[in-house]
Each structure stands twice: as C-alpha cells, then as structure tokens.
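> I'll drop the sequence and a predicted model, then ask my questions.
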Amino acid sequence: MTTSSSDCAALMPISDEEFELLRGLIYQRFGINLTEQKKSLLVGRMQKLLKRSGYPNFKAYYEDLQNDQSEKKLSELVDRVSTNHTYFNRERTHFDYFSQTALPAVVQRLRKAGEKDLRVWCAGCSSGEEAYMLLMLMQEYLGSEYPQWNCGLLATDISSRVLDIAGKGVYSEEKIQALPQALRNKYVRPAGDGQFAFSDALRKEAVFRRFNLMNERFPFKNPFHIIFCRNVMIYFDAPTRLNLVNKFHKFMHPGGYLFIGHSETLGRQQDLFKYLVPAVYQKELTS
C-alpha cells in the first residue's frame, strides 16, 4: 500500500487549462479527438516522458511542443496517445475480399486499358503487418507476371517509431504465427534470436514514409486504385472523418476500393463511396 500511495503522489497533475491546450494541439495537428474521459489516459501515458525530460508541468511541455520545428517531439506525443495495435491477417475477411474481388477487378480493368501501373496505399500502416500482407497477396495473385507490373505499395504512418519497425520487416515468432503457412514458408526466413524477417525481395516492394493524414494537401501525383485505412478514423470526430474521406475520394481512381476498420463507418453524411460489404466501399465507376 505504501508503494501505491507513493506512485499516486508522484503523478504530475494536469489542470483543465493544460488538458484543453494539449487536446487542442493534438486535434489540430493529428485529427485525434481526445474526449474528457481520456484525460487520465493522457496523464498516465505522458508521465515518464515529462519527468525524464525535466518538464515542471504540462504547460511547459505544451509550450515546448509549440516550438518544435522538427516535429520529433510531436511524433513522440502521438506515439503515446494513439494505440499502434495490429497483427498479421487482422480482420481476415478484408484480405479475402482484397485478393478475391478488389484486386482481380482492378487488374482486369488495367489490362483492358493496356496499363500495368497498380497503385495501392496503406494509410496508417503502423508496424507494417498490414502492408506486408497486401504485398504478399499482390505477388500471389499476379504470380510470374508481377515483375512486369509497376506495383509495390505505399505505406504511411504518423509515427516514426512504428515506421522504423515496418521498414526492417523483422517480427517475433509469435507474430509470424498468424500468417497463413503457405505465405510464411514462401516469404519469411529465420533471422536468429526467435525473430523472423521478410525477404529482401518483398521488403523492397514497400515504400514506408512518415505522413500526416491531416495535411491540408496530399502530395500524390497519381491516384490510387485501392486504399486501406483501417482502425485509424476511430480517433477522429465526424468532421475530420468526412474531410479525410473527401481527400481519399479525390486521390482514387474511379472504381477504386476503400477499406476501413470493422468498428468504423463512413457515416451517412457522405455519398462519395458506395457500400459493398462491411467496411469496404467503392468509388463510382465512370462510364
């Protein structure tokens, strides 16, 4: 009991003003909507960082964030307030739909048009599990034709920490166990110390980049055929979600597919995408 009381006493308090300042900054920069109920979560997750860095209070930390031109500290903040929980084959029905329906339909349209430029974006890729799943399924579907296509995959996230993990493509045996055996045998090799690594040939097909979905302008020159943005919009309020969906629509080919998390919805306010199956939508095909 003595240790528990001491730990409680050691917690740095946060005033209503400090919470509002940080909540406003997080919303403005990342679109994450921290409700009043998340105040204790913010305090709990930021304690060690503030004490280790020598901030006397949350106000001093906020002021330092305002002056952070490199955004390194902002990246560390969003790392702590968001949950980068993911795993291979998560929401498997999406990968089934991708490989059996969406990908074949897109490839067929491209072949018909005499094109071989397939553009897939994994937005909010976290530590890379989703990105590697998509790449493996793309290579499995195209088979020996894959080298003839301009494929690959863009995978972005706001967190530099998880992008570093994704770029290395090395995962524990426990994580790799979730992969279908056939894919595991073909694309993964032991890397020592109970770790497993994706082949260099697969890793080089992924482009991992830090990118903030709240950026006013998206820098993409060409639209995407398929966008995965799963379990990201759960952090956003309705106006932020709608704004992001509008941008996805703008940077997507007609007939393109948008995958979101099963716990998410585009809402009734949008009429840009047609509902297909749970958490999968399509941009209307132009005639």
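Perfect, I can see it now.
> give me the low-pLDDT residue ranges for the stretch 1-150 of the chain?
1-11, 83-85 (pLDDT under 70).
> Where do the helices of it begin and end?
In the stretch 1-150 of the chain, the segments counted as helices under DSSP state H, counting those that start in this stretch are 2-10, 16-30, 39-53, 58-66, 72-81, 92-97, 103-112, 129-142.
> Next secondary structure after the last one?
Later in the chain than helix 129-142, the nearest helix or strand by DSSP states H and E is strand 153-157.
> Run me through the strand neighbours of that next one, direction for each.
Strand 153-157 sits in its sheet next to strand 120-123 (parallel), strand 206-210 (parallel), going by DSSP bridges.
> How about the last one, which residues are buried there?
What that stands for is strand 206-210. Ala206, Phe208 (16 or more other CB atoms under 10 Å). Every C-beta, even on glycine, is put in place using the N, C-alpha and C of the backbone.
> Next SSE downstream of it?
Next element after strand 206-210 (DSSP H and E): strand 224-229.
> relative to helix 16-30, how tilted is whichever helix or strand comes after that next one?
Sequence order places helix 238-250 as the next helix or strand after strand 224-229, per DSSP H and E. Relative orientation of helix 238-250 versus helix 16-30 (axes from the mean of the first three to the mean of the last three CA atoms, to 10 degrees): 10 degrees.
> which strands and helices sit next to helix 238-250?
strand 224-229 (3 or more CB pairs under 8 Å, 6 or more residues apart in numbering; DSSP states H and E).
> Average pLDDT for the strand it packs on, rounded please.
Strand 224-229 shows a mean pLDDT of 98.
> isn't Val81 right up against Asn33?
No - taking contacts as CB atoms under 8 Å, Val81 lies outside contact range of Asn33: 10.8 Å.
> Show me what counts as buried in stretch 171-178.
So stretch 171-178, judged by 16+ other CB under 10 Å, has buried residues Tyr171, Lys175, Ile176.
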